[in-house]
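A.B. asks: just to be clear, the model below is a prediction. Sequence and coordinates:
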2 protein chains.
Amino acid sequence: MPAPTPASSPGPAGSVRRRVGRPTAAVLDQDGITTAALELISSKGYDGLTMAALARSLGVAPSALYNHVASKDDVLLLVEDHLAAMVDVTAFGVEPWDVAVRRWAWSYRDVFSEHTPLIPVIAVLPVANAPKTLAMYEAVTAGFRDAGFPEEKIISAIVALEAFVFGAAYDVTAPEDIFDAGNLAEQVPNFTAAVDRLALERHARPTDVAFRLGLEALITGFGALRG
Amino acid sequence: MPAPTPASSPGPAGSVRRRVGRPTAAVLDQDGITTAALELISSKGYDGLTMAALARSLGVAPSALYNHVASKDDVLLLVEDHLAAMVDVTAFGVEPWDVAVRRWAWSYRDVFSEHTPLIPVIAVLPVANAPKTLAMYEAVTAGFRDAGFPEEKIISAIVALEAFVFGAAYDVTAPEDIFDAGNLAEQVPNFTAAVDRLALERHARPTDVAFRLGLEALITGFGALRG
DNA sequence: CCAATAAATGAATGGCATTCATTTACATCC
DNA sequence: GGATGTAAATGAATGCCATTCATTTATTGG
């Protein structure tokens, strides 16, 4: 069963006339690719995101994608930029600085904890080709400046917070028993005791407790820098 | 030029008698694989670390590796555990708590900033099969406990510090101009100004400044939790 | 001495991103 | 309105990769 091609006039029965060459209207564009990639990721995960699968979901040959993106990393960058727009920066300039940072960091972590395979790509790729990501940075930077942050420390503070957020995003995806020492437990008594002790606290997800603990320390520490 | 096999008695000239089957003494073991992997990584980087290249550097067929490791991820776990032993935990129990944390976190970041491709693997894999990693956690946990940390908060604090360390390790590898907004600079004036302002400070690497800023905030914040 | 096992080989396998020659519909210019 | 150029598709290769498997054989344990 060939992929349906909207405006093709099929030939005589038995011979399917396949559309070749420039179509009436471009089937593909970066928005469509981004959307299809996101759907694929949410249904099959990042392992299912292959150029072949992406092309299939768009009813197109894999090679056709390369007319619109330079590489698979390019697709990942498109996805990343889309996600950056979902991070909540609306509190900056409206709520107090600490509230705004808290909202931003939690939503940043939540968005990317579902997309950790992007992190190695984001962390290294220049931001120039990611307009929505840049817009996020702009909002956060403005929020810090308006809160009285010394200008030469703003980027450092954001970088530090972002590092924490990315690391914490991984932590969200870790299996619950990641700290189970198994048969080596006897050799690490202090560690085992601390892990067991934490397990008794049944208030919130351990990953959320750790994130809150670290985030509050960063907010308190950075808040003291404001002029 | 075939790989030399120590105790093989070559056949007549023109026909090289290759060793097949169980050798006199096992050529491979996990230590040897780990060492070879580390050498390969340091010479060719993680892109050069393929099972084929690893086997070649050991003078062995790729399939032979699978008698000693279950998968490539298994190799990465061996490497990770080796690196964990290089992280400096010697200050715990000797120096004051804050000094020890500082030394641990800086060395942890420095070690893994050269090995960021391991991070996605570490962050998710149970610790039970990584004895040296466990030993590191044990030393850190004991240090926190002896410093008067409430036991139910120790793991959370370590997890938070580790998240920050992993994120910061990525940051070390980022290109210098990662925050260059390019032709979109006009649309993000606050961000651009802050980036430019930071560039004027020529004291230390920006990545180190950000790491110090975040780490000191975490140490101060967590230090207040001690009983 | 014999059977079991551990440890190697090399030849598949299947999946992957990416490249390339080719084709064709549309837009533009003369 | 016809020629020309170009954007956008095709599908067939390419080369790399991790992993599997049947096979072989030296050593070890009963």
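C.D. replies: Great, that's in hand. Bear in mind the structure is a predicted one, so any value in this text is a computation, not a measurement. Residues are numbered from 1 along each chain as shown, chains lettered A, B, ... in the order given.

A.B. asks: use CA for all of it now, contacts and neighbours both
C.D. replies: Will do.

A.B. asks: beyond the longest helix that chain A contains, next helix or strand please.
C.D. replies: Ranked by number of residues, the top helix in chain A under DSSP state H is helix A:151-173. Per DSSP states H and E, the first helix or strand lying C-terminal to helix A:151-173 is helix A:189-200.

A.B. asks: can you name the next helix or strand after that following helix?
C.D. replies: That would be, after helix A:189-200 and using DSSP H and E, helix A:206-223.

A.B. asks: does any part of that following helix sit near chain B?
C.D. replies: Yes - interface with chain B: helix A:206-223 contributes A:206-207, A:209-211, A:213-214, A:216-218, A:220-222 (C-alpha under 8 Å from any C-alpha of the partner chain).

A.B. asks: spatially central residue for chain A, please.
C.D. replies: residue A:112 (3.4 Å; C-alpha atoms, centre = their mean).

A.B. asks: secondary structure class of residue A:87, three-state.
C.D. replies: Here residue A:87 is coil, with the state taken from DSSP: H, G, I helix; E, B strand; the rest coil.

A.B. asks: pLDDT wise, what is it at?
C.D. replies: Note on residue A:87: pLDDT of 98.

A.B. asks: find the least confident helix or strand in chain A, judged by mean pLDDT.
C.D. replies: Sorting the helices and strands of chain A by mean pLDDT, DSSP states H and E puts helix A:119-122 at the bottom, at a mean of 95.

A.B. asks: quickly check: it near DNA strand C or not.
C.D. replies: No - counting by C-alpha under 7 Å from any atom of the strand, DNA strand C is not contacted by helix A:119-122; separation bottoms out at 12.7 Å.

A.B. asks: let me know how buried residue A:175 is, in neighbour terms.
C.D. replies: Using other C-alpha atoms under 10 Å in any protein chain shown, residue A:175 is surrounded by 12 other residues.

A.B. asks: list the contacts for the closest residue to it other than its chain neighbours?
C.D. replies: Counting by C-alpha to C-alpha, 6 or more residues apart in numbering or on different chains, residue A:175 lies nearest to residue B:124, which is 6.6 Å off, once chain neighbours are set aside. Going by C-alpha atoms under 8 Å, 6 or more residues apart in numbering or on different chains, residue B:124 touches A:170, A:171, A:173, A:174, A:175, A:178.

A.B. asks: I'd like the distance between residue A:150 and residue B:217.
C.D. replies: Distance, residue A:150 to residue B:217, using C-alpha to C-alpha, to the nearest Å: 16 Å.

A.B. asks: what about residue A:110, distance to residue B:35?
C.D. replies: 38 Å.

A.B. asks: now swap in residue A:57 and tell me
C.D. replies: According to C-alpha to C-alpha, residue A:57 and residue B:35 sit 43 Å apart.

A.B. asks: can you check residue A:200 too?
C.D. replies: 40 Å.

A.B. asks: who has more neighbours, those two?
C.D. replies: residue B:35 (15 against 9).

A.B. asks: may I have the helix or strand containing the more buried one exported as CSV, CA atoms only?
C.D. replies: Taking DSSP H and E as the definition, residue B:35 sits inside helix B:30-44. C-alpha atoms of helix B:30-44 as CSV (Å, rounded to 0.1, in the frame of the first residue of the first chain):
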residue,chain,number,x,y,z
GLN,B,30,37.3,-6.7,31.6
ASP,B,31,40.4,-4.8,32.9
GLY,B,32,42.1,-5.1,29.5
ILE,B,33,39.0,-4.0,27.7
THR,B,34,38.6,-1.0,30.0
THR,B,35,42.2,0.1,29.5
ALA,B,36,42.0,-0.3,25.8
ALA,B,37,38.7,1.6,25.7
LEU,B,38,40.2,4.5,27.6
GLU,B,39,43.2,4.6,25.3
LEU,B,40,41.0,4.6,22.3
ILE,B,41,38.8,7.4,23.7
SER,B,42,41.8,9.5,24.5
SER,B,43,43.3,9.1,21.1
LYS,B,44,40.2,9.0,18.8
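
A.B. asks: so what does it touch, helix or strand wise?
C.D. replies: Where contact means 3 or more C-alpha pairs under 8 Å, 6 or more residues apart in numbering or on different chains; DSSP states H and E, helix B:30-44 is packed against helix B:51-57, helix B:72-84.
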